[in-house]
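Enquirer: What follows is a predicted protein model with its sequence.
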Amino acid sequence: MREAAHRAGRPLGLLFDLQGPKLRLSGDVEPQTVEVGEQVTFSATEKPGTVKVEFDKFAALVTERSQVVIGDGVPRFAVERIDGDDVVVRAVSPGPLSPRKGINVTYARPELPAITEKDIADLALAIELGADFIALSFVRSAADMQQLREMAVAQGSAARLIAKVEKIEAYEALDEIITASDGLMVARGDYGVEAGVARVPLMQKDTIRRATQAGKFVITATQMLESMIQAPEPTRAEATDVANAVIDGTSAVMMSAETSVGAYPLESVKAMAEIAQAAEESPLILGRAKPTPQSQISHAVMQAAVELAEQVDAAALVIPTATGGGARICAKYRKKRPILALAHKEGIADQLTLEWGVYPTTMDTAENVDEMIDTALEKARDWAGLPSGARVVLTSGRQTGTPGATNLVMVREIP
């Protein structure tokens, strides 16, 4: 992937997805079909008349408020009682039980580790390979993300950390998780399994809105163009789904099986890009942050730059950056004009690839502000293709290459 990025001459963000704690039924489970109202007993130990779960603290995990959900959402069971290691449930929807099926427990007690032994090994590999983003599955609280950050920082990683919102508990603790994360993923598959598919659309819209207001990027994922696993063109419903996510303000849309095992991976990417680009013509992007008084000087300066670019009808915002922070602040306002982020480090450019409207590339750190301005304007002309005479809004600080020092906004013309 890195070699492909260099061949293309453009940055590429690599996201590593940690599996998190995944429960499964035993491989010895007898296949059966459960009907509504049927009673079933799940157990951590193998005994006659029970269905074994491969987790020795399963009964401690379940509460009377819990539902037990199998596979992609059926069958679904309500908990009746807990007897020692046994969890007695009654089916509220029909479906098959079969070996190695995934199993979800809603409103579970925190018995499962947020980060498993497998995740620890995978995290080390992700850091070794220079991950730009690391996502954690089945996040339940801000503490899960804080634990991941401590582990990543201890190993010298500066990767941006993504919380996957796919548990009911995660959505209920959304504001705290947003604060503890660099970005979010609306993982619609497992959330739909837990909460039911009818609850997914409003959760998605609300998560996008709240993440955007906080200036955090958000990825919308799962079954975006599912039919293109076998078909060369998406359905009208899928096109509408992708477009609605863009209009709601999502920073990115993500494919899974369409490009990993599908028959039309290239066509899927082209279709999604075309739909997203068309959706961006919407006169109103719903999730954009509103300009509000800012206590931090750097945030106030970048907000002023965004507003100034609108007032003078600038062709672009040009933002030399040491950390990417200035470009991220501008991205949350979801304006139509491009944000050219000129990162002083290649890794920062890679990490800006998920931000709305941001076109990242690299630029050497200048000796002084005047040299930085001239170099940035030339880069905007040569790299982004802005014509000579085009008006841009450019930001800077009194010291070049210094994080958090942006305090200067200017209107300039491309030479």
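Expert: All right, it came through fine. Numbers count the residues shown, from 1 in each chain.
Enquirer: contacting residues for residue 214?
Expert: Shown in contact with residue 214 (CB atoms under 8 Å, 6 or more residues apart in numbering): 178-179, 332. For the C-beta atoms, the positions are set from N, CA and C on the backbone; glycine is no exception.
Enquirer: ranking those by neighbours, who comes first?
Expert: Among those, the one with the most neighbours (other CB atoms under 10 Å) is residue 332, at 26 neighbours.
Enquirer: quick one, strands of the stretch 51-200 of the chain?
Expert: Listed in chain order, the strands of the stretch 51-200 of the chain (DSSP state E, counting those that start in this stretch) span 51-52, 67-70, 76-83, 86-93, 95-97, 102-105, 133-136, 160-165, 183-187.
Enquirer: Turn the ones you listed into CSV, including distance to residue 247 and mean neighbour count.
Expert: Listed next are the strands of the stretch 51-200 of the chain as CSV, based on distance: least, CB to CB, whole Å; neighbours: other CB atoms under 10 Å:
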stretch, distance to residue 247, mean neighbour count
strand 51-52, 44, 20
strand 67-70, 31, 24
strand 76-83, 32, 17
strand 86-93, 33, 19
strand 95-97, 34, 18
strand 102-105, 30, 21
strand 133-136, 24, 24
strand 160-165, 19, 25
strand 183-187, 15, 26
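Enquirer: Residue 327 is nearest to which of these?
Expert: Comparison of these against residue 327 by CB to CB identifies strand 160-165 as nearest, at 12.9 Å.
Enquirer: how far does stretch 354-369 stretch from start to finish?
Expert: Distance between the boundary residues of stretch 354-369 (CA to CA, to the nearest Å) amounts to 28 Å.
Enquirer: Show me which residues of it are buried.
Expert: 354-363, 366 (16 or more other CB atoms under 10 Å).
Enquirer: which among those residues gets closest to residue 45?
Expert: For the buried residues of stretch 354-369, the nearest to residue 45 is residue 354 (44.6 Å; CB to CB).
Enquirer: Give the helix, strand or coil label for the closest one.
Expert: coil (DSSP: H, G, I helix; E, B strand; the rest coil).
Enquirer: How about the contacts made by it?
Expert: Counting by CB under 8 Å, 6+ apart, residue 354 touches 13, 133, 160, 183, 217, 219, 251-252.
Enquirer: Then residue 178?
Expert: Residue 178 is in contact with 163, 184, 210-211, 214, 216, counting by CB under 8 Å, 6+ apart.
Enquirer: I'd like the distance between it and residue 1.
Expert: Residue 178 is 28 Å from residue 1, where distance means CB to CB, to the nearest Å.
Enquirer: Filter the buried residues of stretch 354-369 down to the ones in strands?
Expert: In strands, defined here by DSSP state E, the members of the buried residues of stretch 354-369 are 358-362.
Enquirer: For residue 147, which residues are in contact?
Expert: Contacts of residue 147 by CB under 8 Å, 6+ apart are 114-115.
Enquirer: Recalculate using a threshold of 10 Å.
Expert: Counting by CB atoms under 10 Å, 6 or more residues apart in numbering, residue 147 makes contact with 113-115, 136, 141, 180.
Enquirer: Just the buried residues out of those residues, in PyMOL syntax.
Expert: Buried members of the contacts of residue 147, defined by 16+ other CB under 10 Å, are picked up in PyMOL with:
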select buried, resi 114+115+136+141+180
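Enquirer: Of all pairs in the contacts of residue 147, which one spans the longest distance?
Expert: 113 and 180 (17.4 Å).
Enquirer: Got the phi and psi for the spatially closest residue to residue 45 that is not a sequence neighbour?
Expert: Leaving aside its sequence neighbours, residue 45 sits nearest to residue 85 (CB to CB, 6 or more residues apart in numbering; 5.5 Å). The phi and psi values for residue 85, taken as degrees, to the nearest 10, are phi -80, psi 0.
Enquirer: I figured residue 85 hits residue 42, correct?
Expert: Yes - under the criterion of CB atoms under 10 Å, residue 85 makes contact with residue 42 at 9.4 Å.
Enquirer: burial count for residue 259?
Expert: Neighbours of residue 259 (other CB under 10 Å): 17.
Enquirer: so it sits right up against residue 270, yeah?
Expert: No - if you go by CB under 10 Å, residue 259 and residue 270 don't touch, sitting 11.2 Å apart.
Enquirer: Turn the ones in strands among the buried residues of stretch 354-369 into CSV, columns for distance to residue 90.
Expert: Shown next, in CSV, are those (distance: CB to CB, whole Å):
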residue, distance to residue 90
358, 51
359, 55
360, 53
361, 59
362, 60
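Enquirer: Any chance of those in CSV with pLDDT and distance to residue 29 as columns?
Expert: What follows is those, written out as CSV (pLDDT from 0 to 100; distance: CB to CB, whole Å):
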residue, pLDDT, distance to residue 29
358, 97, 48
359, 97, 51
360, 97, 49
361, 97, 53
362, 95, 53
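Enquirer: Relative to residue 415, which of those residues is nearest.
Expert: Distance to residue 415, by CB to CB, is smallest for residue 361 among those, at 17.9 Å.
Enquirer: list the contacts for that closest one?
Expert: 9-11, 340-343, 346, 349, 352, 379-380, 383-384.
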